[in-house]
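Engineer: the sequence and its predicted three-dimensional model are supplied below.
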Amino acid sequence: REALAMDPQQRLFLESAWEAIESAGYDAASYPGRIGVYAGTGPSEYLMKNIAMAPSLVHTAGELPIMLGNDPAFLATRVSYKLDLKGPAMYVGTACSSSLVAVQLATHALATYQCDMALAGGVRIGVFPERGYVFQEGGILSPDGHCRAFDARARGTVPGSGVGVVLLKRLEEALADGDVVLAVIRGAAVNNDGAQKVGYTAPSVAAQSEVIAEAQTAAGVQPDEITYIEAHGTGTTLGDP
């Protein structure tokens, strides 16, 4: 009954958070330290396109459980409640960058000893992906359902669904505890474009350059030391150049 009233985004993120802790070899119930949660999610299409269209479901489930299960603000605290985690629980909402900003906030919390481990990530699940979308010339969406990031033929992106959660820990403690370390975050940075761009949804070359330089400075690395770059390619004529 609780799952029926809950946005699948929140349920799947909870499942993935549990899996992340288990995969790391920990039991949240017996772990002596504090585990934080930093998480972002998309808007609740489940609430708008499913629950709101079924008055009988609202009557059966009740308004409070529906609100608790679909409001993005409850994403992180639900994980902390269900898994009995005692660290900070913060919903992070910065649109497309939510999951990466969640990781940055989690690393800061670890560096300042607000928690001993931290779950960080995000989720975006479309309820009815098969319904497609309406193409608008000059918009972000592709005219033919294909995304060609960093390609001369790039004309738009396509909606997608996914969930990702990582469990973070201070490196020296992870090594001392014999943890399996899959990656090391050397540094991170966050800024905002402000109004220095042609439109609200447009990218800003200057601001992106600045935040990349800040992250490299925080990490203590020089550009010529970097051998691999993973980037956010929109596949649009405005974003990719």
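Structural biologist: Sure thing, it's come through.

Engineer: list the buried residues in stretch 21-39.
Structural biologist: 21, 24, 26, 28, 31, 34-39 (16 or more other CB atoms under 10 Å). For glycine as for every other residue, the C-beta is placed from the backbone atoms N, C-alpha and C.

Engineer: oh, that last question was meant for stretch 56-73, not what I typed.
Structural biologist: 61, 65-66, 68-70, 72.

Engineer: quick one: contacts of that stretch?
Structural biologist: With contacts defined as CB atoms under 8 Å, 6 or more residues apart in numbering, stretch 56-73 is touched by 1-2, 4-7, 10, 40-44, 46-47, 50-52, 74, 78, 91, 93.

Engineer: what's the answer for stretch 204-214, then?
Structural biologist: Residues contacting stretch 204-214 (CB under 8 Å, 6+ apart): 189-194, 196-197.

Engineer: mind putting those in CSV, distance to Glu230 and neighbour count included?
Structural biologist: Formatted as CSV, the contacts of stretch 204-214 follow (distance: CB to CB, whole Å; neighbours: other CB atoms under 10 Å):
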residue, distance to Glu230, neighbour count
Ala189, 16, 15
Val190, 17, 14
Asn191, 19, 13
Asn192, 21, 11
Asp193, 20, 16
Gly194, 25, 9
Gln196, 25, 10
Lys197, 23, 15
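
Engineer: check the offset of the lowest-mean-pLDDT helix or strand in the chain from the chain's centre.
Structural biologist: The least trusted helix or strand in the chain, going by mean pLDDT, DSSP states H and E, turns out to be helix 55-61, with a mean of 79. Between the centre of helix 55-61 and the centre of its chain there are 30 Å (CA atoms, centre = their mean, to the nearest Å).

Engineer: just say helix, strand or coil for Val166.
Structural biologist: strand (DSSP: H, G, I helix; E, B strand; the rest coil).

Engineer: kind regards, and thank you for your time.
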